[in-house]
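In: Fold the following, please.
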Amino acid sequence: MTASELNSWVAAGDVEIWNHSATHAPADTDAALYTQIVEGLAQIEAELPAAAGNVWGWNPPGVSSGTYGGYDGGKRPEGWNTYAGRLILAHHAVASGSLIGTQLHPLDGVPRAGLARYQMDSLTPATIKAKIDEAVAAGKGLQLMMHPSQIDLSGMLTTAGLTEVLDYLVTLQNAGDLVVLSPYQLAVADSTAVAAKGTWDDPIDLGTAHLDTITTPGFYTQIFSSRATKAQGYPHDNAAGVLEVKTWNKANGYVIHTFTPWQSNAMAKRTLYQSGWQTWYGVNGFPLGTTFATTAQLDAIAARVAALEA
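Out: The predicted structure follows:
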């Protein structure tokens, strides 16, 4: 492939280019590291004009000797505080690496330097698909990586095997189980961000849904008192009204329910927490159903205490 052909792919939006160093060669002096990391980035943008200003990521090369001045492929956190690590972070928006134990990526919108890729070169389709299944089950990201030059070599992934893996990804994506992203998109992906539903002026009809199932932030309405029952998760029986759902811990999916009945001021709040939905609380800060002493009962208690003291 020529640079011109690759540039046409970039211009068409078919590929995303990352910096993988100038020559893939060992480098341990400051000058050599600058050449590989910074000048390599400039060379990419010069040869691929369509990528200029859009080479957001760094992917470390595996070198035959040395440690890149202690960077060592970003295998450990301290490697990112070396001259090479600081150069990489100064010239790229995101950077992958080989941090041990990080093949499954968090998807919370927070870019993290050094998360590991999953190298497929010598793996079977069954092994790769099992890793994909693991990522899906955990709700995590997975960066698949391979060297095209290794396809169909002895003991390596075959063309048919790669096709099987790609077809499997398409099947899972069509089923809504995963989304295929570019490396940069993966680095900043946030699966916890959910668009709010409805507004105060145009809330979503709750219908017959149990309130325990409503966890998407937004505004909802229950227009039928007959459906607003404690058995359906409502704070009161036969009290239709409006439900507001707010996020209070995005990373864990925790939300706050605030239900306001239309015909009273008996607003109630509850939270979705580790053990599930907590009890409904009233505006006085006490759980709904809490029994309080009457004035007459308090007077009787005070009189009894006075009599005992006498």
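
In: show me where pLDDT drops low in the chain?
Out: For the chain, the stretches flagged by pLDDT under 70 are 193-196.

In: Which parts of it are helices?
Out: 3-11, 30-34, 40-47, 83-91, 125-138, 159-174, 183-188, 295-309 (DSSP state H).

In: Just say which of those helices is most tucked in.
Out: The highest mean neighbour count among these, using mean count of other Cβ atoms under 10 Å, belongs to helix 83-91: a mean of 19. The way it works is simple: take the backbone N, C-alpha and C, and place the C-beta from them, glycine included.

In: Residue 58 contacts residue 88, doesn't it?
Out: Yes: Residue 58 is within contact range of residue 88, at 4.8 Å (criterion: Cβ atoms under 8 Å).

In: thinking again about what came up before, could the helices of the chain be laid out in a markdown table, adding distance to residue 111?
Out: As requested, those are exported to a markdown table (distance: least, Cβ to Cβ, whole Å):
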| stretch | distance to residue 111 |
| --- | --- |
| helix 3-11 | 22 |
| helix 30-34 | 22 |
| helix 40-47 | 18 |
| helix 83-91 | 10 |
| helix 125-138 | 18 |
| helix 159-174 | 23 |
| helix 183-188 | 5 |
| helix 295-309 | 59 |
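
In: Count the residues that sit near the closest residue to residue 121 other than its chain neighbours.
Out: Distances taken as Cβ to Cβ, 6 or more residues apart in numbering place residue 150 nearest to residue 121, at 4.7 Å, with adjacent residues excluded. A count of nearby residues for residue 150, using other Cβ atoms under 10 Å, gives 14.

In: Kindly report the same for residue 255.
Out: For residue 255, the neighbour count with other Cβ under 10 Å is 21.

In: Show the contacting residues for the residue nearest the centre of the chain.
Out: With distances taken as Cα atoms, centre = their mean, residue 107 lies nearest the centre of the chain, 2.0 Å away. By Cβ atoms under 8 Å, 6 or more residues apart in numbering, residue 107 lies in contact with 139, 140, 141, 189, 190, 191, 192.

In: you'd agree residue 85 is up against residue 77?
Out: No: when contacts are counted by Cβ under 8 Å, residue 85 is not listed as touching residue 77 (9.4 Å).

In: Show me which positions of stretch 200-211 end up buried.
Out: Buried residues in stretch 200-211, counting neighbours by 16 or more other Cβ atoms under 10 Å, are found at 203, 204, 206, 211.

In: What would that stretch look like as CSV? C-alpha coordinates only.
Out: Output in CSV follows, covering the C-alpha atoms of stretch 200-211 (Å, rounded to 0.1, in the frame of the first residue of the first chain):
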residue,chain,number,x,y,z
TRP,A,200,-41.4,18.7,33.3
ASP,A,201,-43.6,20.0,30.5
ASP,A,202,-43.6,16.7,28.6
PRO,A,203,-43.0,13.8,31.0
ILE,A,204,-42.9,10.1,29.9
ASP,A,205,-46.0,8.1,30.8
LEU,A,206,-45.2,5.4,33.3
GLY,A,207,-48.1,3.2,32.3
THR,A,208,-48.1,0.0,34.2
ALA,A,209,-44.4,-0.1,34.8
HIS,A,210,-43.2,-0.9,38.3
LEU,A,211,-41.2,2.0,39.7
